[in-house]
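Colleague: Test case, fold it:
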Amino acid sequence: MQKIDITITPVTGESYTLQTSASDLIKWESHFDLSIDKLSKMTHLYYLAYLTCKRLGKTSAEFDVWTDSVDGVVVADPKA
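Modeller: Prediction:
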């Protein structure tokens, strides 16, 4: 399974890019009971970004609180 780079733009601050880990992907699949290749909804992407932020100590907030602090989440362009 390939890791996914995600760019997060907080409502206050500059964008930053994080790389998912195997544990993030496994937690995501367990939460949604889907394979990661089914990542298609905005909720799916935000939750994956949240799991990555939580693992890296970028947030301790609950998911709903964290999403209020985020302006956008996108899969990073690997060529950028």
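Colleague: Strands of this protein, start to end?
Modeller: 5-10, 16-19, 70-75 (DSSP state E).
Colleague: what would those strands look like in CSV with distance to residue 60?
Modeller: Using the backbone N, CA and C atoms, a C-beta is placed for each residue, glycine as well. Listed next are the strands of the chain as CSV, based on distance: least, CB to CB, whole Å:
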stretch, distance to residue 60
strand 5-10, 15
strand 16-19, 16
strand 70-75, 15
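Colleague: Now do the contacts for the residue nearest to the spatial centre of the chain.
Modeller: Centroid check for the chain by CA atoms, centre = their mean gives residue 49 as the closest residue, at 1.0 Å. Applying CB atoms under 8 Å, 6 or more residues apart in numbering to residue 49 gives the contacts 6, 8, 18, 70, 73.
Colleague: Try it again at 10 Å.
Modeller: Contacts for residue 49 (CB atoms under 10 Å, 6 or more residues apart in numbering) come out as 4, 6-8, 18, 20, 24, 58-59, 66-67, 70, 72-75.
Colleague: Throw together a ChimeraX command that grabs the buried residues out of the residues you listed.
Modeller: Buried residues within the contacts of residue 49, by 16 or more other CB atoms under 10 Å, are selected in ChimeraX with:
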select :4,6,7,8,18,20,24,58,59,66,67,70,73
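Colleague: Which single one of the contacts of residue 49 is nearest to residue 33?
Modeller: Relative to residue 33, the closest of these is residue 24; by CB to CB it sits at 16.0 Å.
Colleague: So for the closest one, what's the nearest residue that isn't a sequence neighbour?
Modeller: residue 51 (4.5 Å; CB to CB, 6 or more residues apart in numbering).
Colleague: Show me where the chain dips below the pLDDT cut-off.
Modeller: Scanning the chain for pLDDT under 70 picks out the ranges 1, 77-80.
Colleague: Helices along that one, start to end?
Modeller: 22-32, 42-55, 63-68 (DSSP state H).
Colleague: which residues are contacting the last one?
Modeller: Translated: helix 63-68. Counting by CB under 10 Å, 6+ apart, 8, 10-11, 31, 42-43, 46-47, 49-51, 53-54, 58-61, 73 sit against helix 63-68.
Colleague: For residue 44, give me its contacts.
Modeller: Residue 44 touches 28, 31, 32, 34, 36, 38, counting by CB under 10 Å, 6+ apart.
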